[in-house]
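1. Quick one: sequence plus predicted model below, questions after.
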Amino acid sequence: MSEEKKVEEEKKVEEEKKVEEEKKEDSCGCGHDHHNHEHDKNEDENNNNEEYMKRYEKNFEEGKKLKNEGDLKFKNKNFEDAIKEYEKAIEILKNINVNDEKQKEGAELFVKVYSNISNCYNQIKNYDKVLLNTKEALKFSTYPKLYYFKCIAEINLNEIELAEKDLEELKKLLTEGDSGIDYLDKLIKEKKEYLEKKEKKKEINLNFNNLIIRKNKNSRNDNYNEIYGIKNLTVNISSEKRINKVNVNKSKDEKDKSSNKKNKVIGKINLKSAFPSKIIRIFSKSKSKIKNKNNT
């Protein structure tokens with residue numbers, strides 16, 4: 001019995017050793033050989049990468065084709081049609097991973113499409129759309145043309161401070177004396193002068209309008225005073241006329257009375273001069289006698 005027990009114990013020990021060795025060989029616990037498992041895993045990743053790259057290449061080729069069509073329409077100055085092609089390209093190229101080195105070429109294409117569509121929107125003077133597209137592209141790229149087109153849009157929207165900031169960023173990316181930088185410098189300078197003149201003109205017009213308003217107000221007051229003064233003057237004149245009329249009538253009556261008196265005196269004088277003094281005495285005596293008879 002003791003020998004049988006020993007044999008069983010030895011078998012158990014051997015089985016335990018085998019189990020431990022299997023665990024060491026297959027540490028992943030999948031029951032397969034660890035080396036084979038890693039190989040399968042890498043093979044799956046490679047297959048996924050192949051599919052991933054195939055999708056990328058397909059998107060890249062389609063996006064490139066649409067960009068070229070948009071470029072052709074841009075050259076023919078069909079800006080609206082060019083925008084449509086670029087928008088289709090953006091819709092496809094947005095699936096590209098711009099941070100993946102393997103897709104670097106696709107990322108560059110993506111940025112160029114954004115740059116071209118921004119140029120189109122500048123040509124049709126839709127500056128808000130320019131800002132929208134350039135800002136989106138600048139999130140993952142510092143492509144110089146994005147700053148250039150963004151700066152032009154800001155100048156046309158009179159956003160001079162923003163344009164100057166973007167110009168400074170552009171100067172960091174390009175060499176000094178670049179024709180694009182010189183052109184933007186010139187545009188900003190001309191726009192600033194234009195806005196200053198416009199502001200001065202606005203101020204002059206405002207002052208002039210205020211002056212006209214004050215003048216009209218004073219004119220209305222003068223007209224009122226003038227009308228009011230004419231009324232008073234009319235009243236005064238009419239009252240003076242009435243007074244003068246009364247005075248004239250009085251003076252006329254007085255003149256008439258005085259003229260009557262004068263006429264009587266003159267009549268008497270004439271009467272005396274016309275008849276001899278003896279006849280006048282006789283006449284006056286007979287007149288007094290008639291008066292006395294009437295009294296009796």
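-> Yes, it's here.

2. now the helices for the stretch 1-150 of the chain?
-> For the stretch 1-150 of the chain, the helices defined by DSSP state H, counting those that start in this stretch cover 2-25, 34-75, 79-93, 104-123, 127-137, 144-156.

3. Contacts only, for K77.
-> Shown in contact with K77 (CB atoms under 8 Å, 6 or more residues apart in numbering): Q123. Glycine gets a C-beta too; all of them are placed from N, C-alpha and C.

4. Go again with 10 Å.
-> C120, Q123 (CB atoms under 10 Å, 6 or more residues apart in numbering).

5. Show the pLDDT at it.
-> Per-residue confidence (pLDDT) for K77: 95.

6. same check, this time on I155
-> You'll see I155 listed with a pLDDT of 97.

7. so it makes contact with Y148?
-> No: the criterion here is CB atoms under 10 Å, and I155 misses it with Y148 at 11.1 Å.

8. Could you pull out the residues contacting both of these two?
-> Residues within reach of I155 and of Y148 at once, by CB under 10 Å, 6+ apart, are D166, L167, L184.

9. If you rank the residues you listed by neighbours, which is first?
-> Highest neighbour count within the shared contacts of I155 and Y148, by other CB atoms under 10 Å: D166, with 24 neighbours.

10. neighbours around the closest residue to it other than its chain neighbours, how many?
-> In space, and not counting its chain neighbours, D166 is closest to C151: 4.5 Å by CB to CB, 6 or more residues apart in numbering. Residues lying near C151 (other CB under 10 Å) number 27.

11. likewise the one 4 residues further on?
-> Counted with other CB under 10 Å, the burial measure for I155 works out to 22 neighbours.

12. got it, and the one 4 residues further on?
-> By other CB under 10 Å, 17 other residues sit near E159.

13. unless I'm mixing things up, it is touching Y127, no?
-> Yes: counting by CB under 10 Å, E159 touches Y127, with 9.2 Å between them.

14. before we move on, back to that, looking at the helices of the stretch 1-150 of the chain, which is closest to N210?
-> helix 144-156 (32.0 Å; CB to CB).

15. Who are the packing partners of that closest one?
-> Judged by 3 or more CB pairs under 10 Å, 6 or more residues apart in numbering; DSSP states H and E, helix 144-156 is in contact with helix 104-123, helix 127-137, helix 160-173, helix 179-274.
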